[in-house]
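>>> Sequence below, structure please.
(one chain, ligands or ions: 3)
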Amino acid sequence: MPLPSGDRLIVLVGLPGSGKTTVGKQLARRLQLPFVDSDHEIEQRLGCSIREFFEREGEARFRDIEAEVIDALTRSGPMVLSTGGGAVLRPDNRQRLKSRGKVFYLRSTPEDVFRRVRHDRNRPLLQVADPLQKLRELHAARDPLYREVAHYVIETGRPSVATLVNMIVMQLELNGSPGVPAG
Ligand SMILES: Nc1ncnc2c1ncn2[C@@H]1O[C@H](COP(=O)(O)OP(=O)(O)OP(=O)(O)O)[C@@H](O)[C@H]1O
Ligand SMILES: O=C(O)C1=C[C@@H](O)[C@@H](O)[C@H](O)C1
Ligand SMILES: [Mg+2]
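Ligands and ions are numbered 1, 2, ... in the order given. From the prediction side, this is the model:
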């Protein structure tokens, strides 16, 4: 489905484990756009894992680099962009994401995310004694920020990944720029 030119940066935000990568890859395939993960781009640039960088340089330095990468990516070509779970913490990032792209908040309850990722060891923030409590804290602090940056809120609790992709495509079609033929 070709998109109107103003709708060709699709941004996914949400908690770690909310489905940004899984949904984003399928969405990109459907829209025939590249899929880009900002965490992956940051790791390429750092030459090490985000986890190592966090430990060595601290979170503030990581957030500086993340902001530079988000600025660069949101200026570049059409894509489906999956953002790091904390990218919305900085007002500059929120402003850039919202003004340059169509932002979808994949909203999940902490309980949904916990059910999905409880056996997964790849999320540094969740490698704590009580990951569900950590998810509840992250959700409480960030839900208002994800809502603020989003053009659309998509509840991910029940629908399958394929249904979520359909929901996003439908929103894009419904709200496409006037006068541009829908694919
Ligand atoms: N709608 C869904 N229904 C069932 N399982 C899902 C759904 N969305 C995602 N999942 C599963 O949840 C897990 C986390 O999804 P994913 O890795 O895509 O999240 P993420 O938002 O990219 O996380 P991170 O921010 O850590 O990169 C995966 O195992 C994925 O298969
Ligand atoms: O939620 C967060 O603050 C983070 C999520 C990951 O995507 C990474 O961007 C990093 O581990 C920080
Ligand atoms: Mg991901």
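
>>> drop to CA atoms for contacts and neighbour counts, all remaining ones
OK.

>>> What residues does this protein have near ligand 1?
Applying C-alpha under 6 Å from any ligand atom, we find that the chain lies next to ligand 1 at 15-22, 84-85, 116-117, 123, 156, 159-161.

>>> Could you find the closest non-adjacent residue to residue 53?
Spatial nearest neighbour of residue 53, chain neighbours left out: residue 62 (7.1 Å); criterion: C-alpha to C-alpha, 6 or more residues apart in numbering.

>>> Now do the nearest residue to residue 100 once chain neighbours are set aside against residue 99, distance only.
Spatially, and ignoring its direct neighbours in sequence, residue 100 is nearest to residue 74 (6.3 Å; C-alpha to C-alpha, 6+ apart). Residue 74 sits 9 Å away from residue 99, going by C-alpha to C-alpha, to the nearest Å.

>>> So which of those two has more stuff around it?
Using other C-alpha atoms under 10 Å, the more surrounded residue of residue 74 and residue 99 is residue 74, with 21 against 12.

>>> Assumed that one was part of a helix.
Yes: counting by DSSP: H, G, I helix; E, B strand; the rest coil, residue 74 is located in a helix.

>>> What are the contacting residues of the worst-scoring helix or strand of the chain on mean pLDDT?
The weakest-scoring helix or strand in the chain, judged by mean pLDDT, DSSP states H and E, is helix 50-57 (a mean of 90). For helix 50-57, contacts defined as C-alpha atoms under 8 Å, 6 or more residues apart in numbering pick out 39, 42, 43, 46, 62, 124.

>>> so where's the protein shaky on pLDDT?
1-7, 176-183 (pLDDT under 70).

>>> mind listing what the residue nearest to residue 100 touches?
The neighbours of residue 74, taking C-alpha under 8 Å, 6+ apart as the test, are 9, 96, 97, 100, 101.

>>> Give me the buried subset of those residues.
9, 96, 97, 100, 101 (16 or more other C-alpha atoms under 10 Å).

>>> Confirm that the second one sits in a strand.
Spelled out, it's residue 96. No: secondary structure of residue 96 (three-state DSSP): helix, not part of a strand.
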